[in-house]
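J.: Pasted the sequence and its predicted model underneath.
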Amino acid sequence: MDRYERILTLHRILKSARYPVPMARLKDELACSRATLYRDVAFLRDALGAPIESDSDQAAIRYADDEGERFELPGLWLTSEELAALLALNELLGRSDPGVLAGALAPFRARIERLLSDQHSGRTLPIERIRVIASGARRLDQGVFRVLAGSLLNRQRLNFRYRARSTDTLTDRSVSPQRLAHYRDNWYLDAWDHGRDGLRSFALDRIRDPVVQAEAAIDRPAEELDAHLASSYGIFSGPPKAWATLRFSPHAARWVADEHWHSQQQGQWLSDGRYELKLPYSNSRELLMDVLKYGPDAEVVAPVSLREEMKILLQLSLGAYLAGG
């Protein structure tokens, strides 16, 4: 245990203690020598201003009642595990969505780096040992992101032009923003669409010319948002239309059994080593694309309409290869 961890542990013990804590117990808890313990206690009291009181023979210490309740360590004190987590967060901020959040998070990231350097006692930070890989991230306008985030946090209505990827049609939308969602390395806006009188999810990279309105946004209950936007599979879920039954080969089952596809999924191992997964869905497209990743190791069992849709996708794919010779 290094000094930072000992000071943090010592503070936590004294903070939670109702009675004076014997020095012998503290020495055991901190796994240090008597001399090291006395140096740490002196540092906590004299350098950090902790209201430490000791009994007459200095065999036990405690925080003064009133001052001890209010006292907290100045700055930010971290254990080695917490430091590792912060290091990972620092790397995540630096490598994921750099164009969107870089400007807003630059001051915060600089503070993290200073903190890490201070608590690493001048040693080189092992940044190269943390790897963050974005997959399928689409280009996003930083200005659009700032306007949408501001509208959401200030609870104001928003007007913008939206080009749907499925139809490539450009439409004008007036919405009350509800939530920003980061899903599969891309950003989406969950909003109440006033023109369509319902909840919708919009891909931020398809939003153009956002303008914040003076009118206050309406708020939909969290239960309604979850019921509509998180009740079915995928980002553009909507109320579930049916439950899909999928079966995976014994080979693929080793991965699928440990994967989270949906909060309401139901999975079971079959007697022949295959794995059966059931989950609700509304828009079949995203679900079928994910099933296709497993190739011949995956089968859509039910409902019949979903199975037939998968057959058509496979036939079209095969047709493209046959046409190519």
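T.: Nice, thanks for sending it over.

J.: Tell me, how many residues neighbour the residue lying closest to residue 253 once chain neighbours are set aside?
T.: What sits nearest to residue 253 in space, not counting adjacent residues and going by CB to CB, 6 or more residues apart in numbering, is residue 275, at 3.5 Å. For glycine as for every other residue, the C-beta is placed from the backbone atoms N, C-alpha and C. For residue 275, the neighbour count with other CB atoms under 10 Å is 20.

J.: just how off-centre is stretch 253-269 within its chain?
T.: Relative to its parent chain, stretch 253-269 has a centroid offset of 20 Å by CA atoms, centre = their mean, to the nearest Å.

J.: Against residue 303, how distant is the residue nearest to residue 253?
T.: Note on residue 275: its distance to residue 303, by CB to CB, to the nearest Å, is 19 Å.

J.: hey, where'd the strands end up in the protein?
T.: Assigned by DSSP state E, the strands in the chain fall at 21-22, 52-54, 60-63, 156-163, 170-183, 186-193, 198-203, 207-216, 242-248, 266-269, 275-281, 298-302.

J.: mind checking which of those strands is nearest residue 310?
T.: Distance to residue 310, taken as CB to CB, is lowest for strand 298-302 among the strands of the chain, at 4.5 Å.

J.: Output stretch 64-75 in CSV with nothing but the alpha carbons.
T.: Provided in CSV are the C-alpha atoms of stretch 64-75 (Å, rounded to 0.1, in the frame of the first residue of the first chain):
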residue,chain,number,x,y,z
ALA,A,64,-13.0,15.8,16.7
ASP,A,65,-16.8,15.4,16.7
ASP,A,66,-18.1,18.6,15.0
GLU,A,67,-15.0,19.3,12.9
GLY,A,68,-14.6,15.6,11.9
GLU,A,69,-18.1,15.5,10.4
ARG,A,70,-17.3,18.4,8.1
PHE,A,71,-13.7,17.5,7.3
GLU,A,72,-12.8,16.0,3.9
LEU,A,73,-9.4,15.5,2.3
PRO,A,74,-8.5,18.5,0.1
GLY,A,75,-8.3,17.8,-3.6
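
J.: and it, which residues are buried?
T.: Residues of stretch 64-75 classed as buried by neighbour count (16 or more other CB atoms under 10 Å): 68, 71.

J.: With stretch 181-196 instead?
T.: Of the residues in stretch 181-196, 186-194 count as buried by neighbour count, 16+ other CB under 10 Å.

J.: Other residues contacting that stretch?
T.: Applying CB atoms under 8 Å, 6 or more residues apart in numbering, the contact partners of stretch 181-196 are 96-97, 100, 134-138, 140, 145, 148, 152, 157-158, 172-180, 198-205, 207, 217-218, 220, 225, 229, 235.

J.: Any of the residues you listed buried? List them.
T.: Applying 16+ other CB under 10 Å to those flags 97, 100, 137, 140, 145, 148, 152, 157-158, 173-178, 180, 199-205, 207, 217, 220, 225, 229, 235 as buried.
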